[in-house]
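[1] Pasting a predicted model and its sequence here:
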Amino acid sequence: MSQYHIKSLEEYFQVYHKSVKDPETFWAEIAEEHFVWRKPWDKVLEWDFTKPEVTWFQGAQLNITENCLDRHLKTRPNKTAILFEPNDPKEEAQHISYKQLHERVCQYANVLKDMGVQKGDRVCIYLPMIPELAISVLACARIGAIHSVVFAGFSSTALATRINDCDCKMVITSDGSFRGNKTIDLKGIVDEALQQCDGVETVLVAQRIHSEVNMKKGRDYWLHILLDLAYKDCVPAIMEAEDPLFILYTSGSTGSPKGMVHSTAGYMVYTAYTFKNVFNYEENDVFWCTADIGWITGHSYIVYGPLCNGATTVMFEGVPTYPDWGRFWQIVEKHKVNQFYTAPTAIRALAKENLDYVKKYDLSSLKVLGTVGEPINEEAWHWYDDHVGKGNCPIVDTWWQTETGGILISPIPFVTPTIPTYATLPLPGIQPCLMDDEGNEIKKTKAQGRLCMKYPWPSMARTIWGNHERYRNTYFSAFRNHYFTGDGALRDSTGNYRITGRVDDVIIVSGHNLGTAPIEDAINEHPAVAESAIVGFPHDVKGTALYGFVILKETGAGRDQNNLRKEINQLITDRIGPIAKLDKIQFTPGLPKTRSGKIMRRILRKIASGDAENLGDISTLLNPEVVKEIKEHTL
Ligand code: WTA
C-alpha cells in the first residue's frame, strides 16, 4: 500500500484512519520518504489552538527549492518543468526543463542577493503570468527571502497597502503585461504605488511588452541586464521548518487585507501530497491549473505542489476569451493536457458560448478535471462532465482557502466517489466538523452547520503578518479549540460535505475573495456619498455579484445617477481593482439598521437577491420604514 499515492477506496479508508489515529507517524513517514531534508526534525507536531500556536517538523532544516528543483536534476533533468503558453497563440510556447529552471532560479537568486536581499526580507512580486513570476517566487525561496505576490490585476492603492503592510524592500515587476488584445502598464502602476511606499529600495523590471517605461535612477533595474552578469549556481539557504516561506493577502470581512503567513516544511509536504492524490498525477502527465500565481491556488498548484512532484506544470499568460472562446480547449489539445483545474465561474462563462468552441478540439488527453474557489452549481458541473470530460474524467470539487494552504476536502479521482456540488470527503490528515449556533459540535452525520477543523494539518497558515491577535480572533475565537473556516456546510448521511457558502461578510465574486469593508471604504470616498453597504446577489456567471446600496449627501442629490454609478465604479477600480466593481448600484435615503446602529446586511442580501417577501421580523429595526422604500426601488 502506498499512503503517498492512494489507489483504491479501501486504501483511502485505511490511510485516513491512520492519519487520524496517529497523525504524527502518518506525516512523518510521508515527509521522510518523499522529500529531502538537511536535518531531520525533533518533533513532528506541537499545537495549541487557544494561543494559537502550531509547529510542524520543528527542528528540521531544508530548502524547498532543493525539493522542487535540485533533486530532479538527477532523475529528470530534461523533463519540462514549466510549460509556458503565451497570451498570443502565434507566439511560441516555452518548454523550460528542470535543468534550465534550476539555472534560471539560481541566477535570479544571485541577482536578489547582489541587490541586497537577505534571508527574512520581504520581496513583493507584481508580475503577469510569465515564467519570471514562478522564477522570482522560487528565487526568493532559494535565498530564504519571504515572497509576497500581489495579483497583477490589483490597483496601485491595493498594491501600496500590501507593500507597506509587510515592509517589502524590493518590488519585482515587468514593463507591462498582455491580456487578450490589451496591454497593461504594470510599471506605471508600480511607480504610482511607490509614491506611498518609502521602504522600497529596489525595483527589478522584467521585459515583456517592450514598452517605454520610466526607470528611476538608483532604484529601478532591468532584470535581463542583471541576469546576464549573474552566476548560474546558488547554494540554497538552509531554512528552519517553521521559517516563513511567503505572505499572501486575503480579504477579511472587516478591516484591511490579511497577510497570511505560510511556513516552509509543512506547506511543502502538504501541497505536494495533495497535488499527487487530488490530481492523480503520474510521471508523464501535463498538469494545467488556470489560476493566476497571484492567488493561493497558483502558489500551491502551479508552483510548489507540481514542482515538488517533478511534474510538468502549464503557465498560461492569457485569458479564456482570446483570440476566441475556444482558447482553453485549444491549449488542452496542443499540449495534451491530462489534468485541468479551473474555477466554476470560468466553466459557467464557457458553457454560455457555442458548444462548437469545445467540440472543435481533441480533448481525449484529459483524465481529471478540477474546480476551486466557490461552490459549483449542478448545471455547470454536468456541462463540465459531459462536454469537457465526455463522462470519462472524474471532477474534483476541491474545497480550501488561502489560510489552509492546500486542498482539505475533495474527491480523490478513481478512488472516492464524486457527487455534483459536493466537495465530498476530507483528505487524509483532515478532521472537519460542523458546529451548531451554540458552539457545540454536531455529532449526527447528516447535518448542517459551520465548518470547522478540529486538528491541525501541516499547511495551515501560522499567523497574520504583524497581527497575531487578529489571527486568533478571526479563526480561533468563534469556537473554542477549533479552526473556523467562515464557511457553512452540510454533510450527508455518508459523511460527504457540501459547502454552502460564506457565513460572514466575505463575498466571493468569480472565485475572488472580496471583503466588504475595503469596497465600502472606496465608495465612501466619493464626495457625494454619505454611506454605503454592499452585499452579494446570485449571478449566473460570476456565482455572486456585488450590489451596492448608497446613501447620497445633499450635494449628490441633483446629479445624474448613471454618471455617479460610473464614478463610484471608477473609484473602486482605482482603490482595489476592476474585479471589485459593482454590478448594481441603488441610491437610497437610508439603510436598515439595528438599534445599536449596525447595518442589517441580511435584509439587504434578501432584497438584492429578489427574495424581498421573506424578510422575517423587521420590527426590531431602528428604521423599518426604510425597508419598504428600498424594496420599491430595487434594481
Ligand atoms: C470558497 C481559494 C465551495 C469558500 C482556494 C472558501 C469554495 C473561500 C470552494 C476561500 C469549493 C473555495 N466549493 N466554496 N470547492 N473552494 N471556496 O481564500 O468560501 O481565495 O472559504 O481560496 O472560497 O477562497 P480563497
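    Nice, I can see it.
[2] mind checking the SS state of Ile618?
    Secondary structure of Ile618, reduced to three states by DSSP: H, G, I helix; E, B strand; the rest coil: coil.
[3] Please give the number of neighbouring residues around it.
    For Ile618, the neighbour count with other Cβ atoms under 10 Å is 16. Placement of C-beta: from N, CA and C, glycine included.
[4] Which pLDDT value goes with it?
    Predicted confidence (pLDDT) for Ile618: 78.
[5] Could you pull up the residues touching it?
    592, 600, 603, 624, 627 (Cβ atoms under 8 Å, 6 or more residues apart in numbering).
[6] Who wins on neighbours among the residues you listed?
    Pro592 (25 neighbours).
[7] Need the CA coordinates for the helix ranked longest in the chain. PDB is fine.
    Longest helix in the chain, counting residues (DSSP state H): helix 98-114. Provided in PDB are the C-alpha atoms of helix 98-114 (Å, rounded to 0.1, in the frame of the first residue of the first chain):
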ATOM      1  CA  TYR A  98      14.100  21.200 -14.700                       C
ATOM      2  CA  LYS A  99      17.800  21.800 -15.600                       C
ATOM      3  CA  GLN A 100      17.000  25.200 -17.200                       C
ATOM      4  CA  LEU A 101      14.600  26.200 -14.400                       C
ATOM      5  CA  HIS A 102      17.300  25.400 -11.800                       C
ATOM      6  CA  GLU A 103      19.800  27.500 -13.600                       C
ATOM      7  CA  ARG A 104      17.400  30.400 -14.000                       C
ATOM      8  CA  VAL A 105      16.300  30.300 -10.400                       C
ATOM      9  CA  CYS A 106      19.900  30.300  -9.300                       C
ATOM     10  CA  GLN A 107      20.700  33.300 -11.500                       C
ATOM     11  CA  TYR A 108      17.700  35.200 -10.200                       C
ATOM     12  CA  ALA A 109      18.600  34.300  -6.600                       C
ATOM     13  CA  ASN A 110      22.100  35.700  -7.200                       C
ATOM     14  CA  VAL A 111      20.600  38.900  -8.600                       C
ATOM     15  CA  LEU A 112      18.400  39.200  -5.500                       C
ATOM     16  CA  LYS A 113      21.400  38.700  -3.200                       C
ATOM     17  CA  ASP A 114      23.500  41.200  -5.200                       C
END
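[8] Tell me which other helices or strands that helix touches.
    Packing contacts for helix 98-114, counted by 3 or more Cβ pairs under 8 Å, 6 or more residues apart in numbering; DSSP states H and E, involve helix 72-75, strand 80-85, helix 131-143, helix 223-228.
[9] buried stuff in that helix?
    Across helix 98-114, burial judged by 16 or more other Cβ atoms under 10 Å covers 98-113.
[10] list the contacts for Glu378?
    420-421.
[11] For it, give its distance to Arg348.
    Per Cβ to Cβ, to the nearest Å, Glu378 is found 12 Å from Arg348.
[12] got it, and Gln118?
    Distance, Gln118 to Arg348, using Cβ to Cβ: 46 Å.
[13] neighbour-wise, which of these two wins?
    Shown here are Gln118 and Arg348; by other Cβ under 10 Å, Arg348 has more neighbours (21 against 12).
[14] could you check whether whichever strand or helix holds that one is close to the ligand?
    With secondary structure defined by DSSP states H and E, Arg348 is part of helix 344-351. No - using Cβ under 6 Å from any ligand atom, we find that helix 344-351 stays clear of the ligand, coming within 7.9 Å at best.
[15] Against which helices or strands is that helix packed?
    Checking 3+ Cβ pairs under 8 Å, 6+ apart, helix 344-351 ends up next to helix 378-383, strand 543-552.
[16] Closest approach to the ligand from the stretch 451-600 of the chain, which residue is it?
    With Cβ to the nearest ligand atom as the measure, Ile499 is the residue of the stretch 451-600 of the chain nearest to the ligand, at 3.6 Å.
[17] contacting residues for Gln586?
    So Gln586 contacts 547-550, 630, 633-635 (Cβ under 8 Å, 6+ apart).
[18] my guess is Glu53 contacts Glu242, does it?
    No - using Cβ atoms under 8 Å, Glu53 is not in contact with Glu242; the gap is 10.2 Å.
[19] More neighbours: these two, which one.
    Under the neighbour definition other Cβ under 10 Å, Glu53 and Glu242 were set side by side, and Glu242 has more, 18 against 14.
[20] Would you mind measuring from the more buried one to the ligand?
    Here the criterion is Cβ to the nearest ligand atom, to the nearest Å. By it, Glu242 lies 22 Å from the ligand.
[21] tell me the pLDDT at that residue?
    For Glu242, the pLDDT comes out at 98.
[22] for Cys433, same thing?
    Looking at Cys433, its pLDDT is 98.
[23] got a list of contacts for the helix or strand hosting it?
    Using DSSP H and E, Cys433 sits in strand 432-435. Applying Cβ under 8 Å, 6+ apart, the contact partners of strand 432-435 are 408-409, 426, 441-442, 447-454, 479, 482, 484, 489-491, 497.
[24] about what we covered before: for Lys336, find the nearest of the helices and strands packed on helix 98-114.
    strand 80-85 (10.4 Å; Cβ to Cβ).
[25] May I have that closest one exported as CSV, CA atoms only?
    Extracted C-alpha coordinates of strand 80-85, given in CSV (Å, rounded to 0.1, in the frame of the first residue of the first chain):
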residue,chain,number,x,y,z
THR,A,80,9.7,20.1,-18.9
ALA,A,81,9.1,21.7,-15.6
ILE,A,82,7.2,24.8,-16.7
LEU,A,83,5.4,24.9,-20.0
PHE,A,84,4.7,28.5,-20.8
GLU,A,85,1.8,29.3,-23.1
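[26] Most neighbours among the contacts of Gln586, which one?
    Within the contacts of Gln586, most neighbours by other Cβ under 10 Å means Gly548, with 28 neighbours.
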